[in-house]
Structures are given as C-alpha cells and as structure tokens.
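**Q** Coordinates for the following, if possible.
(chains A, B, C and D, ligands or ions: 2)
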Amino acid sequence: MTESSTRTVSHPSHPAPEPRPGDPPITPELVADHGISEEEFERILDILGRTPTFTELGIFSAMWSEHCGYKNSKRLLRLLPTEAPWVIQGPGENAGVIDVGDGLAIAFKIESHNHPSAVEPYQGAATGVGGILRDIFTMGARPIAILDSLRFGDLDSGRNRYLFGGVVRGVGDYGNCVGIPNIGGEVFFDRAYDGNPLVNAMALGLMKREDLIRGEASGVGNPMMAVGARTGRDGIHGATFASEELSEDSDEASRPQVQVGDPFTEKLLLEASLELIRSGHIVGIQDMGAAGLTSSASEMAGRAGSGVALEMADVPVREAGMTPYEILLSESQERMLVVAKRGHEEDVRAILARWELEAETVGIVTDHGRFEILENGVPVADIPALPLTDGCPTYEREGVESEVIRELRERDLSTFLTPQGDLTGQFRLLLSSPNIASKRWIYDQYDTTVRTSTVVGPGGDAGVVRLRGTRRGVAATTDCNGRYCYLNPREGAKAAVAEAARNLVCVGALPTAVTNNLNFGNPLKPAIYFQMREAVLGMAEACQLFETPVTGGNVSLYNETDGKAIHPTPVIGMVGVVDDVSTVIGHGFRSEGDAIVLLGETREEIGASEYLYRTEGIVAGTPPTVDLMAERRLQHAVLALVQKGLARSAHDCSEGGLACALAECAVSGTEGGPFGLEVELHERLAPVAHFFGESTGRVIVSCAEDKLDDTLAMARNHGVATRLLGRIGSPGGRFRIKAPQATIDLSVHEVAALYQETIPNLMSEDGKLTRGDDDAVE
Amino acid sequence: MNHYQIEVRVTPRPGLLDPEGKAIDHALASLGYEGVGGVRVGKVIVIELEAASEEQARERAEEMCRKLLANPVTEDFAVEVAPADPAGAGARGSER
Amino acid sequence: MNHYQIEVRVTPRPGLLDPEGKAIDHALASLGYEGVGGVRVGKVIVIELEAASEEQARERAEEMCRKLLANPVTEDFAVEVAPADPAGAGARGSER
Amino acid sequence: MKVAVITFPGSNCDYDCYHALKLVDGIEPGFRWHRETQLGEVDAVILPGGFSYGDYLRAGAIARFSPIMEEVVRFAGGGGPVLGICNGFQVLCEAGLLPGALTRNTTLRFMSHEVHIRVENAGTIFTSRYETGQVLRVPIAHGEGNYQADQATLAELEGDGRIVFRYSTPGGELTPEANPNGSAHHIAGIVNEQGNVLGMMPHPERAMEGLLGSCDGRGVFESLAEALATPAAGAGLE
Ligand SMILES: Nc1ncnc2c1ncn2[C@@H]1O[C@H](COP(=O)(O)OP(=O)(O)O)[C@@H](O)[C@H]1O
Ligand SMILES: [Mg+2]
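**A** Residues are numbered from 1 along each chain as shown, chains lettered A, B, ... in the order given. Ligands and ions are numbered 1, 2, ... in the order given. Here you go, the predicted structure:
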C-alpha cells in the first residue's frame, strides 16, 4: 500500500490526522477484516487522497457496511413507489410519516435485529425494540404501538425453543417497561430459519403535524450534544457484524458485540426527547443506532449538507481508556445525538436532568462539510461528510434463479391432492402446527392494553388503536410467507402485500402506507440477488396498485448459516386508517345462527402450503397465484361491509386454508364462544385444496340472517365472488365441514383445545429454559 | 478510608415458594441430571465501599440490606466483606 | 454417593452494561450513602447434588452452568462446592 | 374533588389513570412529580402502574424512597384515600403502607390478559358501587403480582375482611386455574386496617370504556368519588 500513501493530500489546509500510538498498521488483511473490498478501499483512498488512519478505516467500514450503506440494495429500493398526497415523510429519515387527518400524523417504521438475536435472543430482541422506538420518537412522535414479526426454525429443536422463548421475553420486557402496547405481529416456524431467526420490530408513533422534526445538523456553530446513556464498549462494529454470515463459531466470535438494553433509561429518554423537541431549544435529533456516534453524526451532517467536528475526550464514557475508534463505533443503547441552538446548552441539560439523564456537548456544526474527529484537540479522523454517507459504492449484482428451486416449484403435487373421506385427522395435525395454532403464548407476555387505546390487540387480523380526542383510529399488521417467496419471490412478495391489506380491511381500516423489512441471504450469490430483485419488483407492483406507498424500511442481508440461506422474507408492515373506531370488528364469530359467507375464489392450489410442510414435510409447488385487481375489489367490498355494519366478523384466509380460517373464527367467538358450525362446500374441488389450500384473495365474513341478502349484494356489486358457506352453530357444538368427497367433523371444544394448547405445550418450563444444545448429558 | 468489596447474598426465605428454583430444578432433571434437588435462586450484589474499618463496612452494608437490598417479608440476606483490589476500585467511577 | 451443596454465582460480564447495578448504585447514593460504587448484580443458585466425589460434583456443576445456569454470551460463573448438611438435604424434598 | 396521580420515573400508567379519572363526574385529576415534597390540596392519591426505576432490584423498592412518598405516607396516616394499582400496589407494600409483598409470578412470565376478580368486600370506599360477590372483568399486566405474606398476616387480612378482590372464574369460583400468578388466597387486592389504602394488581383504569372491552373498572373510581363527596370520606371499613 506504499504507493497509495504517497498520493498528494487533497486538502492541504488541514493537517492530515496521524496514526494514534497503538494503532495497527493499515494492511490489506486489516482492510479485509473490516469488510471493505479492494474496490471500495480504492474509493476511500481517492476520497481522502491518502491512506486512512485506523479510526477512519473503522468509520468507513461501519458507514459502508450493508446495514448503513445499503450497497447491494439501494438500486433495488429505488424501484419502490414512495409518494402519495398523504405522505409527509418518505424514505431516508428515521421513520416515514403519513397524514391521518385532524392535524395528526403517524410516524412508523420496521427494523430488524436478526443477527444480535441469533447470538443472544433476549438482549438482541430487546435492543431491537429499543432501536425502533427511538426511530419513532426522534421524529417528534410519541410511540403508541409495537408489532413484532418473528421467524424461527421448527420447535422440535431445543435451540429453537430457546431462541423463540428468549426473543419473546426480550420483545415483551422492553416494550412493557417503556409502556407501549403490542398490537400484533406474526411468527412463522420453518427449518429454513434454523440458526438464523428473524426478529423484525415495528413501531408506530403519533404526533401533531407541526411537531415533526428531522435528523439534521444545521446551523453552523450550533453545539452537538450526546444525550442519554453513557458510551461503553458494547456492540462495537455491530453494523458490520450485521452484514456478515453467521458461522458455527459466531457465538464465540460475537460476544463483545452483544448490547445490553435498559428500557428504564429508554422511557426517560423518550420523555426527555419529546420535551426537548417541543421546547424549541434544539434543531435536530437522531438516535445513535447502528454504528453509533459515527452514523448519527455523519448522517446528520450529510442531510444538512454541513460538517461536524467532534471531540472524543468530551464524550461521556462508561469505561476508562476507550479509544476514539471504540467511542465512534460503540453501539451502547439509549443514546441520542442532539443539535442544540447555540447558547441553549443549559436549557437542554436542565430538561435532561429533570429526567435524571446527562447531556454533554461533544462537538459543533461546521461549514467545511467534513466529518472531523479530534482527541484532546488532535485530529484522529478527517473525512468529507457527503462521500462518507452517500459515496458508498452501490452494486447491481447478477441475479439468476436457482435450478434447485425451479425444480421444486415445478414438482407435480397431484398425488397429494386427493385423499378422500375423513380429513379430520389431517385437520387436527394442522391445528397443532405452531404456524396455525394460537399465538397467545406469545402476546400474553406483551402488555397490549397500556395507554388505554387498544381497540383490537394481538390475535386479530390487524391491531387497532384509537386516536384519543378523535373518532379515528390507526390499524397495523405485518405479514410475509417466506415459503411463497422461496418458491416464487415476485408472487410471494405480492401475496405479502395483499395479505397485509386484507388484514387491514378485515378490521375496517383503509390500507394507507407500507414499511418493509427485506430479510435475505448473501446478495453476492446470484440466486439470492435474483430473489431480492424479484421480491422488490413484486412489492413495488402491489404497493403501486393498492396506492400504499413505501415510506421506509430496513434491509437485513447475509442471513445464512454455514452457507445455507433463509427463505427470502420481505416482511410487509402496513398501516391503515379507521375513520370511525366504533365500526371496527374482529374475526371471532358473534352469535349462533349467523350466516357464514366466503368472499373470493378457492382454486385448486396446494403448492407451498402448510399442509404439505406438516403432512409431507416438503416445501414445493407453485405458491397461490395473486390477482391484484381481484384483491383490490375484495378490499373495497370488505371495507364497505364493515363500515356499513353489515358484517359482524371478518377474517382473512391464510395459512391452513379455509378449514383453519373457519376454526379461528369459531374458537375466537367472543360472547359465549367457541361456536360450532355447519358448513357445506358444493364445488367439486380436490378435497385437500378445498379444505387446506391457501388460495389468496379470500375473506370469511359472518352476518345476521336478515343482513345476508344485502351482504351478498354489496359484495357482488364490488365484483367479488361470494359463497354462502353455512351457519354458525351453538356454543360448544359440532364443528362440521362437508364437501362432495370429504368431511371434517369434531367437537369445537377439541378444535379450541388443539388451537390453544399447541405452543404452550411445546414451550414447557424446561423448553423455555434450556440453552438448547440438544445433546444429552455426557 | 479504605476500599472494601462487599458481597451481599439475598435469598428467598425458606418455606416461601421459589418458582425460579423449581423451574431450574425441572430443567436440570429434563437435561438428564440425576441426584439434583433443593435448588434455590437468589441475588448476589457486589458493592465497592469506602469505610474506616471492616466492621464499619459490614455495619453499613447490613444497614443497606435492611433498608433497600432485601425485602424483610420474603428474603434473607448475608454479607461478606473483603478488602477491595485496586482494579475493582477503578471500575467504580465508571459505573456512575 | 455423597451429598454436596453447590453454590453457583452468575455475574454479568465485565464491560457489559448492568442496568440493575446502575439503578441500585443511584438509589444508594440518593439514600445518602457515600463512597459507594461499582455495584454489580448477579444471581446465586444453590443446588444439592449427589456425586461420588467433590471433583465430580464440581465438574457436573460447571457443566450445568455451561448448559443452563449461566448465559455464556453475557455472564461469567463461579462454582463453590461444600459437603451438604442433612438439613439442607431435607429441604430438597420440600422443593419437589 | 382533587385527585393526585404520582409520576415516578418509569411510571407508564399515569396518563391512563388521569384519563380514567376524567371520565368520573366531580373528579379533577392532576399530576405530582416524584421529586415534589408537597402533595398540596388533594382529596385522594393514586400510585399508577408502570416500572418505577425499571423495577430493578424489586418492583417498587426504589420508588418508595422518592421524596413525594413521605408526603403520601403522611397523607395516608391522616386517613386520606390512597389507591395503588399494579406497580403502585408494589410501592405501597415496599413502603409498609400495606402488608406482604408481591413476588414473581409462578409462571415466571409477564402476563397480560383479562382476568375475572370477585369483589370480596363492597364496604370499602373503593368498592361501595359494587356488590359483594360481584365478578368483574379487568386486565392484568404484570410480572410480579404473586402476593405473599406470612400466615398471621393472611389470617388477619381474612379475618378483618381486608381482602377486597380475589382472582376467580367468570362464575366466581376460586379454582387454581383462575389464579394467574400464584397469589396466596387468590389475593388480587387488599386494604390497610383503616381501609383508606387499597392496593390491587389488576388495572381498573383500563376497564372504563366499552370500546376497549370492559367498563367493570369504573366502580372503583366512582366509589372513590362518592366517598369523597360525602363528609365521612376515608371513614374506612364499615
Ligand atoms: N410475534 C407476535 N407478536 C404479537 N402478535 C402476534 C405475534 N405472532 C402472531 N401474533 C398475532 O397472532 C395472530 C395470528 O397470527 P398470524 O397467523 O400471522 O395471523 P394472520 O395469518 O391472520 O396474519 C395475529 O393477530 C397476530 O397479530
Ligand atoms: Mg399471517
């Protein structure tokens, strides 16, 4: 690297930073260890006009990591629709913001903490929730709801039970302590997530439109203040870590990178930040998230087109003797970077002190457009801010579908289509699949009613919180079926958007905007990049058609263990607006004798189904086709039925098909339930497809007998196919579905028991406790 | 003034049920450990303390236990005092 | 087979944030205790164990720590072994 | 009537209590910051739920030393009505205003769902609007709600009718399944000897509106309002 160091210094007016005593020499190995390619290093040399110092190398490696730099996804993300009249803030900020009327706005975003959770499930998940909450309140919004979208390997493995139990505890403990209700989410179990759990947390916040504040370092001479918890050695290089594949020894290797969350401090920081923002003493605020002080400071400078100078000696640290490298890259939690108005430092300190927190001036906004780091006045890093934040090379990779997957998709499944006669056994098997069974064991550990605004909590198709002082509410859901995306990423992504929208209309909310979390394997592999591109294209098409622009999201790549990638999992977090919360309905049946109506078409589709995974152990076939126009008509029909008060319950048909969806409606019966039911299916469809096929675009509604004609008429007027399936039976009665060649017939109490007890039984005491090295005691 | 390292052990009153101990008991059994039992789980709280003498350090620590660290209704406590190593003393400031 | 009383001390890794320790630290300070600091909070787990020898008891206890009692990612552990008093052995039954 | 809601660092049901009180005729709610040393002109005090000081060490253990608590103790000593909900109940026990302690749920899990509680004593200033034996549907949300006390204390509570709420089935039976957290004698709420201090784990302030699922919690606040309206406020147990 000698020739490079002889390049001429580009800005001679500023003394180039010298290596600190004890800095390792900048060798190709060290560069590689920082996850920086040769091409990228060349770019760095050009930007600096010299060899970077060790500190600068650390800064670049964090900022140019996949997590911060989006180098392999940026170009794809440009394909997503991001605009609509009601979008106040699109992608690029800490969170997206939409107008929900009455002068109110909702900030919302989803964020992944997959890798930290794989290493330490409890802290990984907890700090994931902490991070997404900070993204919300740094916009000036008060968090009002949390959702969590989770993926694990099958629960027959102790390790997976340990991860599942730890993650759920972490999500719960953090949100519960801060006092934000959980209103929904999803969890999916499939061997593809062995060793590579997905933990995506979504949050929504409420604000007055005028309270919106951005993460900008504007106003030359304004002080930059570190606020909240002190900086320790935790999570150093989490950002680059989150961009590497896990391997057998990750547990070992990643230990120093574990971050410990303190939800109590978060709660204080939340109150203090909102008070600061309202106080008018600050011009910008930003969470110190991935890559800590480095990314927050440089991004704030980048957004404002300004520069910053930071003095490391002034940063409040938890441990003595921390180097600038460590201070800049620490991912200690519950910290904020604030740009105060010059001369208002004391006011800022006073507000923080009231909340028993610290605020220290650590730097200043400059006009020289550089990211300048000093240690006791001596420069240790000096980088042009814009190239640092936006100069990261972005790549368009080659994408080719994997042959293996193509063959799986094209596999002939006709042999599985036609078991006849009594399908009650298969039905029992499906009900006791953790993917179908009740998720109550999870959300029982989440405070769902704090803030006394939860109209529909976890367990419904979508969560709904009312907006106090108005008639309105906001609804939210997260959805994605990784198997669909594995077998056909474009259709799978469309299906995810469609299911999210269906879940929203089922509670009576108008789908309004989307945040998304792209969870994929290693993008350098053509087969993986193909999945990414296809999924993004599918998401773009569906969001375009549904008029639900994407206001933000998160990308998590390299989700692989020993070279094996997860199912591509583009999680959709969708937000909807309810005009009158008093019209909201749930999915549980309401009263005996009500008519049960199916909206939408059932096709002969069993590809990628839970049935195949559960009964045959295979993931194969063509996933259910998605007809976006039909979905759109269905959404309008359901929305009308709910708003006009015709439907008394509405439920989306998803994993496990018609039979399982009916079961969910029956056992979730509110007054007096669980209800039996009498259903007769007339079409001559192959029994398995009929009962358990997962055709999209279907919703089950129930309505009073005297509303039946209006209900059917209104659906037809919207161009939606309707079938009268049957009637709600007596509480505790038979659960009976008859089809031409097959039947399901059992007591609804047995249905309820299977549905309720599956996950609790799997997560018995020891299942919850053991670290899960499955090997017995030697 | 000398530095002392105090170790406080706070344990559930015998007789009172200890759900966590019981759960660990079961977990160990299900991991195949035999001849294991009577698991009790408590807290250990390590404190660095400046005091004139070991006696004074102990007295103050016990007072802390009565006042704050242990709940007299459900918990017993035990205090151990040892001269602190300078390293530990260093850690002190960092915690505040 | 002999009875042993195992005492396992599980403490947060040095360097990792210990929010509980921090909170206690602050509380003690605001209660007016001076010269107090570096508070760290961990768990103490008492187990009765049958084993052929003290060494064996220790080995099994350390294995339990690696498998279950301590989180290798965030916690350190220390094991103490002592011959159990019959009283303690009695307590065992009451736990199950 | 002025009712003060105390805000500790980490309280997160303070606003919920405030809004609940707003729904009750004649009550003017206000907040008191934990650092304040004066309650000022108030007729009743509420310690809300949440995680005061993160619930580190033990739920409520640190909050009880907040400056305002001296005033609350004095206020209670003078017969002033004090209601502690969830974390507030834990603080009251730690502060010695109520006997016993709230320990970890036997499930070792945080639990959040609707429970049924049976009104055991409709003769308190917090329950006069209920019938003894009436069953209420109210949410719980806690990890440490397992009420424990020594046998003597439990016997005293039983004898003096100071157990105000018990976890029960919808039909009012005291089955093991109906006891969510392992509390001794199914205890969900108790009052002190004078009857002016109530601690309860369930959240009545979350059961004030049909829109949110239940109105069964209203009685607690309406009873309080009634008691405050009548001169004999804080008279205690009948
Ligand atoms: N991790 C979770 N956190 C909170 N709620 C969850 C979680 N997983 C599932 N749920 C809730 O359980 C219910 C069933 O989940 P799911 O089967 O994904 O619903 P659907 O298929 O109708 O979207 C949903 O209401 C969802 O909100
Ligand atoms: Mg789903």
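**Q** I'd assumed residue B:39 was in contact with residue B:22.
**A** Yes: at 7.2 Å, residue B:22 counts as touching residue B:39 under the criterion of C-beta atoms under 8 Å. Using the backbone N, CA and C atoms, a C-beta is placed for each residue, glycine as well.
**Q** Tally up the residues packed near residue 78, please.
**A** Looking at chain A here, since you left the chain open. By other C-beta atoms under 10 Å in any protein chain shown, 12 other residues sit near residue A:78.
**Q** that's the wrong chain, I meant chain B
**A** For residue B:78, the neighbour count with other C-beta under 10 Å is 15.
**Q** Now it. Nearest residue, chain neighbours left out?
**A** Nearest residue to residue B:78 in three dimensions, chain neighbours excluded: residue B:9, at 4.6 Å (C-beta to C-beta, 6 or more residues apart in numbering or on different chains).
**Q** Flag every buried residue along the helix or strand that neighbour falls within.
**A** Using DSSP states H and E, residue B:9 maps to strand B:2-12. The neighbour-count check on strand B:2-12 (16 or more other C-beta atoms under 10 Å in any protein chain shown) flags B:3, B:4, B:5, B:6, B:7, B:8, B:9, B:10, B:11, B:12 as buried.
**Q** Contact distance from chain A - what residues of chain D qualify?
**A** When proximity is defined by C-beta under 8 Å from any C-beta of the partner chain, chain D lies next to chain A at D:9-10, D:12-13, D:15-16, D:19-20, D:49-51, D:53-56, D:108-113, D:139, D:141, D:143, D:203, D:205-206, D:208-209, D:211-212.
**Q** So which of those are in strands?
**A** Those of these mapping onto strands are D:111, D:112, D:113, D:139, D:141, per DSSP state E.
**Q** And the residue of chain D that's closest to chain C?
**A** residue D:56 (3.8 Å; C-beta to the nearest C-beta).
**Q** Can you give me the distance of that residue to ligand 1?
**A** Residue D:56 sits 26 Å away from ligand 1, going by C-beta to the nearest ligand atom, to the nearest Å.
**Q** which residues sit in contact with that residue?
**A** A:264, C:19, C:20, C:23, C:24, D:62 (C-beta atoms under 8 Å, 6 or more residues apart in numbering or on different chains).
**Q** Skip the chain neighbours and tell me the closest residue to residue A:302.
**A** Nearest residue to residue A:302, sequence neighbours excluded (C-beta to C-beta, 6+ apart): residue A:389, at 3.5 Å.
**Q** correction: residue A:291
**A** Excluding the flanking residues, the one nearest residue A:291 by C-beta to C-beta, 6+ apart is residue A:62, at 3.6 Å.
**Q** and the gap between residue D:208 and residue D:120?
**A** 22 Å (C-beta to C-beta, to the nearest Å).
**Q** just the strands in chain B please.
**A** According to DSSP E, chain B carries its strands in the segments B:2-12, B:36-51, B:75-83.
**Q** whoops, chain D was the one
**A** For chain D, strands defined by DSSP E occupy the ranges D:2-7, D:28-33, D:44-47, D:82-85, D:101-103, D:111-119, D:135-142, D:146-148, D:163-168, D:187-191, D:197-200.
**Q** Could you point out which of those strands sits nearest ligand 2?
**A** strand D:111-119 (21.2 Å; C-beta to the ion).
**Q** Name every strand pairing with the closest one and say which way it goes.
**A** strand D:135-142 (antiparallel), strand D:163-168 (antiparallel) (DSSP bridges).
**Q** The longest one to strand D:187-191, inter-axis angle?
**A** With axes from the mean of the first three to the mean of the last three C-alpha atoms, to 10 degrees as the criterion, the two stretches strand D:135-142 and strand D:187-191 enclose an angle of 100 degrees.
**Q** With only the CA atoms kept, save strand D:135-142 in PDB.
**A** What follows is strand D:135-142, C-alpha atoms only, in PDB (Å, rounded to 0.1, in the frame of the first residue of the first chain):
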ATOM      1  CA  VAL D 135     -67.400 -10.600  39.500                       C
ATOM      2  CA  LEU D 136     -65.500  -8.000  37.400                       C
ATOM      3  CA  ARG D 137     -63.600  -8.400  34.100                       C
ATOM      4  CA  VAL D 138     -60.400  -6.400  34.300                       C
ATOM      5  CA  PRO D 139     -57.000  -6.700  32.600                       C
ATOM      6  CA  ILE D 140     -53.800  -7.600  34.400                       C
ATOM      7  CA  ALA D 141     -50.300  -6.800  33.000                       C
ATOM      8  CA  HIS D 142     -47.500  -7.700  35.400                       C
END
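**Q** For chain D, give me its nearest residue in the stretch 451-600 of chain A.
**A** residue A:452 (4.5 Å).
**Q** That residue in helix, strand or coil?
**A** Assigned by DSSP: H, G, I helix; E, B strand; the rest coil, the conformation of residue A:452 is coil.
**Q** Could I get the ones in strands among the residues of chain D next to chain A in TSV, plus columns for pLDDT and neighbour count?
**A** Formatted as TSV, those follow (pLDDT from 0 to 100; neighbours: other C-beta atoms under 10 Å in any protein chain shown):
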residue	pLDDT	neighbour count
D:111	98	17
D:112	98	25
D:113	97	14
D:139	98	26
D:141	98	25
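**Q** how about these, which pair is most distant?
**A** Using C-beta to C-beta, these reach their maximum pairwise distance at D:111 and D:139, which is 10.2 Å.
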